[in-house]
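Trainee: Starting from these lines, generate the structure:
(one chain, ligands or ions: 3)
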Amino acid sequence: MTAANFDPVTQAQILDQIHESVITMDLAGYITGWNRGAEQLFGYSSAEAVGRHILFLYADPDAEDDSESFHDTFLEHGGRELEVRRRRKSGEIFWASLQLSLMRDASGQPIGLIGYLSDITARIEAEKTMRLQARIFENSEESILITDIDRRILSVNPAFCKITGYQVSDVVGQPQEFLRSDKHPTRFYEDIWDHVDREGNWQGEVWSRRKNGEDFPGWASISLVKNRDGQISHYFSMFTDITERKRAEERIHYLAYYDDLTGLPNRALLNKLVDQALVEARRNRLHGAVLFVDLNRFKPINDTLGHDVGDRLLIQVAERLREAVRSEDVVARMGGDEFVVGLFDITRREHAAVVAQKLLAALDPPFWVDEHELKVGAAIGISIYPRDGFDTESLLRMADIAMYRAKQSGQDGYAFYSHEMNRRALDRLKTESGLRRGLERNELLLHYQPKVDIASGRIVGAEALVRWNHPERGLVPPGEFIPIAEESGLIMRLSAWVLDEALRQAHAWHAAGFATLKVAVNLSARDFSPGLAERVGALLTSHGVPPNWLELEITEGMLTHSNPEVITMMDDIAALGVSLSLDDFGTGYSSLSYLKRFPIDTLKIDRSFVTGIPDDSNDCAIAGAIVSMAQRLGHRVIAEGVETIEQLDFLRSLGCQEMQGYFFSAPVPPEEFTAMLLEGKALG
Ligand code: C2E
Ligand code: MG
Ligand code: MG
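Mentor: Numbers count the residues shown, from 1 in each chain. Ligands and ions are numbered 1, 2, ... in the order given. Have a look, this model is predicted:
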């Protein structure tokens, strides 16, 4: 700016008209002019200011530009606007914007300076706040994300990028949903946003997804930002990655509920789990068992070989115990060499004894720790709920008492708390060893029951039903030993014997000229192990029996618990040409569509429904439904347990094709069956 050549008075008058503060000075910095604006800004009158050096207005004359650098500042910065700190007469410091220009005389020689100042304290403060906010945004450890009202991302801070792995450009413009993990249902997020809109903010734990697809837990705080008119303009979300904290929490949980050495649940968790199981048991009338396992011979090992060896032995013991039971069962360590196994939901109380035997068998082979071959065993005490107790503490106490009883025998073994259970367990043991012997000594035999075609009245099949000719007890029915054979694993040998004997008989009948007779053999679930079809095929070949002379009966329960492997095995059997029938049908939960997955030829209506025919309308309806369902699915249908002519007539009227039962004949020894065939016995 070039000043005109006014005399000082005129100049002062002009300057007073200017609202801004204007100060003129000579080239050395001594004030020559001071307008009203300057008076108002600084609080000095013109008389007080004119003639003094400009430095007296500086907030900090020493630290800031001194008189020498005064020119340099000016020359360096020229007419540029500067932000400077100045001091009022009151001593108050303020920020001013300063613009300096040279004044020249007519010949163009500089004669002085003119400075315009205005107070910019408010603006500077605002800028400072903004800068501070920006610094916080940039440097915050917390991830910050700002969206517009449609929840599209406007900006994110570096912490956000660090936590999520996204670049700013990846996310800006994306909807905030972009970051969701599918650990929460959509409803969860909707609820959060409803809450934010209603209450203004929300805080809580949310899972989000990083760029690499990994989900992580965060502690989030979301708030809405309103503009001056009170309308929502933005959403502001902050969150911290709490993966570490969660891990720490999990660790604490682990330490509280798990045994550090073996990784098994500890006493505290066991108590909790048994408590829960007891609640379930009461509600659903289930049985459960608590098995207290106390190792034998552990103490001397620990004492002589040291704790390190002892610890490593315990780890191996824990593994073996864990592997011996099902995944739903609980194996816990009580401390020292004591473990507890919790069996929740067992169908029969005796199963606890089967598990105890399994545990003992698992501990039987020697353990190896370094070069030491170590033998340990255990005494196991068993309490059963609900019969022995209703709370965890007493069940554990009773199992402990039973364990001491087992210890007294001086050998590895188990004992029940209740005497009755001990007696039953003993009976079972006797039956099992007796059956083992019986199989070796050929004490088993087969009876056959005719299956009769209702339309023709003729015998079309023979169901083989096993009996045990016990040396002391005489003929024992299969219901008393098949379950024990299944649990002890003897069933495989038993079934092999039954199949072999039934096929031998089938061959004999066919050789005698009964060409249409089919022999049926019952299989148990345990028989369905890999290679079943091959074993059946090999037996057929060795007896010279074609596959269509054989039928295998399986129970409906097998299907409901079955896995894909069982279906494959059934398909393999069907592929041989052997037919399959579904025994005890109606007692399980098979649905129509479910049955279609299995290669079943015949449905066998369970005896319990036949019993009520024709008086019980429910039984009649069920029998009717099974027959029509079987027809629709293309299955044959047979009724078992038919004892009366009324039952037979009703079944005939339904369209049931075959019958079996005392009305025609009870199961009989093979000679009697042959006699029936020879005499041509038929339905009247
Ligand atoms: P299941 O296969 O349903 O056999 C029918 C059972 O009902 C037989 O009992 C038979 O004697 C009986 N029964 C037949 N007709 C009548 C009747 O009119 N009235 C009454 N009240 N009962 C009748 P059993 O022989 O005691 O066999 C019982 C179960 O043992 C069989 O039921 C079968 O599941 C199983 N079983 C028998 N033999 C074997 C075998 O060799 N292997 C396998 N795994 N299980 C077998
Ligand atoms: Mg059967
Ligand atoms: Mg049956």
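
Trainee: For the chain, which residue occupies the most central location?
Mentor: In the chain, the residue lying closest to the centroid (CA atoms, centre = their mean) is Lys183, at 11.7 Å.

Trainee: Do you know the pLDDT at that one?
Mentor: As predicted, Lys183 sits at a pLDDT of 89.

Trainee: residues in contact with it?
Mentor: Applying CB atoms under 8 Å, 6 or more residues apart in numbering to Lys183 gives the contacts Trp207, Asp215. Yep, even glycine has a C-beta here, placed from its N, CA and C like the rest.

Trainee: Tally up the residues packed near the closest residue to Arg424 other than its chain neighbours, please.
Mentor: Take Arg424 and drop its neighbours on the chain: the residue closest to it by CB to CB, 6 or more residues apart in numbering is Glu350, 6.3 Å away. Counted with other CB atoms under 10 Å, the neighbours of Glu350 add up to 20.

Trainee: wait, isn't Glu350 in contact with Arg428?
Mentor: Yes - look at Glu350 against Arg428 with CB atoms under 8 Å: they come within range, at 6.1 Å.

Trainee: how close does the residue nearest to Arg424 get to Asn227?
Mentor: To Asn227, Glu350 is 76 Å away according to CB to CB, to the nearest Å.

Trainee: can you count the residues close to the residue in the stretch 251-400 of the chain that ligand 2 sits nearest to?
Mentor: For the stretch 251-400 of the chain, the residue closest to ligand 2 is Thr347, as judged by CB to the ion, at 20.4 Å. Neighbours of Thr347 under the rule other CB under 10 Å: 8.

Trainee: just Val460 next, same as before
Mentor: Val460: 15 surrounding residues under other CB under 10 Å.

Trainee: Show me which residues of this structure sit near ligand 1.
Mentor: 449, 465-466, 477-479, 482, 495, 498, 522-524, 553, 583-584, 607, 640-643, 661-662, 667 (CB under 6 Å from any ligand atom).

Trainee: What about these, which are in helices?
Mentor: Under the assignment DSSP state H, the residues of the chain next to ligand 1 contribute Ile482, Ser495, Val498, Arg607 to helices.

Trainee: any idea which of the residues you listed is closest to Gly108?
Mentor: Nearest to Gly108 among these, counting by CB to CB, is Ser495 at 124.0 Å.

Trainee: ok, so what distance separates the closest one from ligand 2?
Mentor: Separation of Ser495 from ligand 2 (CB to the ion, to the nearest Å): 13 Å.

Trainee: Just give the closest residue to that residue, not the sequence neighbours.
Mentor: Among residues not flanking Ser495 along the chain, Asp527 sits closest, at 4.9 Å (CB to CB, 6+ apart).

Trainee: Domain parsing of the chain, as residue ranges.
Mentor: 8-124, 140-241, 249-420, 427-679 (automatic domain parsing).

Trainee: The second one: end-to-end distance?
Mentor: It refers to domain 140-241. 13 Å (CA to CA, to the nearest Å).

Trainee: chain center to that domain: distance?
Mentor: Domain 140-241 sits 27 Å away from the centroid of its parent chain (CA atoms, centre = their mean, to the nearest Å).

Trainee: now stretch 357-366
Mentor: For stretch 357-366 - counting by CA atoms, centre = their mean - the centre lies 31 Å from the chain centre.

Trainee: which other residues reach it?
Mentor: Looking at what lies outside stretch 357-366 - CB under 8 Å, 6+ apart - the contacts are 291, 293, 295, 317, 320-321, 323-325, 341, 373-378, 380, 412-414.

Trainee: Got a ChimeraX select line for the buried ones in the residues you listed?
Mentor: The ChimeraX selection below is limited to those of the contacts of stretch 357-366 classed as buried (16 or more other CB atoms under 10 Å):
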select :291,293,295,317,320,321,324,325,341,374,376,378,380,412,413,414
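
Trainee: Please narrow the contacts of stretch 357-366 to those residing in helices.
Mentor: Residues of the contacts of stretch 357-366 located in helices (DSSP H): Val317, Arg320, Leu321, Glu323, Ala324.

Trainee: from those, which is closest to ligand 1?
Mentor: Ala324 (25.3 Å; CB to the nearest ligand atom).

Trainee: Can you give me the pLDDT of that closest one?
Mentor: For Ala324, the pLDDT comes out at 94.

Trainee: Just the buried residues of the ones in helices among the residues of the chain next to ligand 1.
Mentor: The neighbour count (16+ other CB under 10 Å) marks Ile482, Ser495, Val498, Arg607 as buried among those.

Trainee: For the stretch 101-250 of the chain, give me the ranges with low pLDDT.
Mentor: Counting by pLDDT under 70, not a single residue of the stretch 101-250 of the chain qualifies.

Trainee: burial count for the closest residue to ligand 1 within it?
Mentor: Distances between the stretch 101-250 of the chain and ligand 1 by CB to the nearest ligand atom are smallest at Pro185, namely 46.8 Å. Residues lying near Pro185 (other CB under 10 Å) number 9.

Trainee: can you check Val225 too?
Mentor: Val225: 13 neighbours (other CB under 10 Å).

Trainee: what helix or strand is it on?
Mentor: strand 215-226 (DSSP states H and E).

Trainee: Neighbouring strands of that strand in the sheet, and parallel or not?
Mentor: Here strand 215-226 is paired, per DSSP bridges, with strand 201-209 (antiparallel), strand 232-241 (antiparallel).

Trainee: For that strand, list the C-alpha coordinates in PDB.
Mentor: Output of strand 215-226 as PDB, limited to C-alpha atoms (Å, rounded to 0.1, in the frame of the first residue of the first chain):
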ATOM      1  CA  ASP A 215     -13.500 -61.300  13.700                       C
ATOM      2  CA  PHE A 216     -12.500 -59.500  16.800                       C
ATOM      3  CA  PRO A 217     -14.300 -58.300  19.900                       C
ATOM      4  CA  GLY A 218     -14.400 -54.500  20.500                       C
ATOM      5  CA  TRP A 219     -15.600 -52.200  23.200                       C
ATOM      6  CA  ALA A 220     -17.600 -49.600  21.300                       C
ATOM      7  CA  SER A 221     -19.200 -46.300  22.000                       C
ATOM      8  CA  ILE A 222     -21.500 -44.800  19.400                       C
ATOM      9  CA  SER A 223     -23.000 -41.400  19.700                       C
ATOM     10  CA  LEU A 224     -24.900 -39.100  17.400                       C
ATOM     11  CA  VAL A 225     -23.800 -35.600  16.500                       C
ATOM     12  CA  LYS A 226     -26.500 -32.900  16.000                       C
END
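
Trainee: ok, the residue of the stretch 251-400 of the chain closest to ligand 2 to Gly557 distance?
Mentor: Separation of Thr347 from Gly557 (CB to CB) stands at 11 Å.

Trainee: Point out the residues in the stretch 451-600 of the chain that sit beside ligand 2.
Mentor: Neighbours of ligand 2 within the stretch 451-600 of the chain, by CB under 5 Å from the ion: Asn522, Glu553, Asp583.

Trainee: Scan those and report the most crowded one.
Mentor: So for those (other CB under 10 Å), the most neighbours sit at Asp583, 22 neighbours.
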